[in-house]
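In: here is a sequence with its predicted model. Questions after.
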Amino acid sequence: MAIDKATVLRIAGLAHIEVEESALEGMAEELNGILAWIEQLNEVDTDGVEPMSSVVDMTLPQRDDEANDVATRDDLLANAPETEGGFFVVPKVVE
């Protein structure tokens, strides 16, 4: 799949990124290079290779899930700069 200037403009529009006309050709080349590298990775034989989340085979220690010394709501709200009705008051972020 080859990426051209029109595709770069479409991707930039979807990402809400402004791209100058002079940079379109260079970005198309870079994206084509990335796709070529991904195609090269697809050629690697991974049959019989188990998926892993880390390069080191290890199991992380886990503690028992036990409730202990739980703070009360009043204790938690004591440090809040502003509260209302037992809740934290935060600035409005959505119009």
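Out: Looks like it came in fine.
In: CA atoms for contacts and neighbours, from now on please.
Out: Noted.
In: longest helix anywhere in the protein?
Out: Ranked by residue count under DSSP state H, the longest helix found in the chain is helix 24-42.
In: which residues are in contact with the helix or strand following that one?
Out: Downstream of helix 24-42, the next assigned helix or strand under DSSP states H and E is helix 73-77. Residues from elsewhere that reach helix 73-77, judged by CA atoms under 8 Å, 6 or more residues apart in numbering: 83, 86, 87, 88.
In: with stretch 80-95 instead?
Out: Here stretch 80-95 has contacts from 73, 74, 77, using CA under 8 Å, 6+ apart.
In: just want the most central residue of this structure.
Out: Centroid-nearest residue in the chain, with CA atoms, centre = their mean: residue 15, separated by 14.3 Å.
In: hmm, back to that, closest one of the contacts of stretch 80-95 to residue 32?
Out: Distance ranking of the contacts of stretch 80-95 against residue 32, using CA to CA, places residue 77 first at 53.3 Å.
In: export the least confident helix or strand in the chain by mean pLDDT as CSV, just CAs?
Out: Sorting the helices and strands of the chain by mean pLDDT, DSSP states H and E puts helix 73-77 at the bottom, at a mean of 90. Taking C-alpha atoms only, helix 73-77 is exported to CSV below (Å, rounded to 0.1, in the frame of the first residue of the first chain):
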residue,chain,number,x,y,z
ARG,A,73,-14.7,9.8,53.7
ASP,A,74,-14.2,12.6,56.2
ASP,A,75,-10.5,11.8,56.6
LEU,A,76,-10.1,11.8,52.9
LEU,A,77,-12.0,15.1,52.3
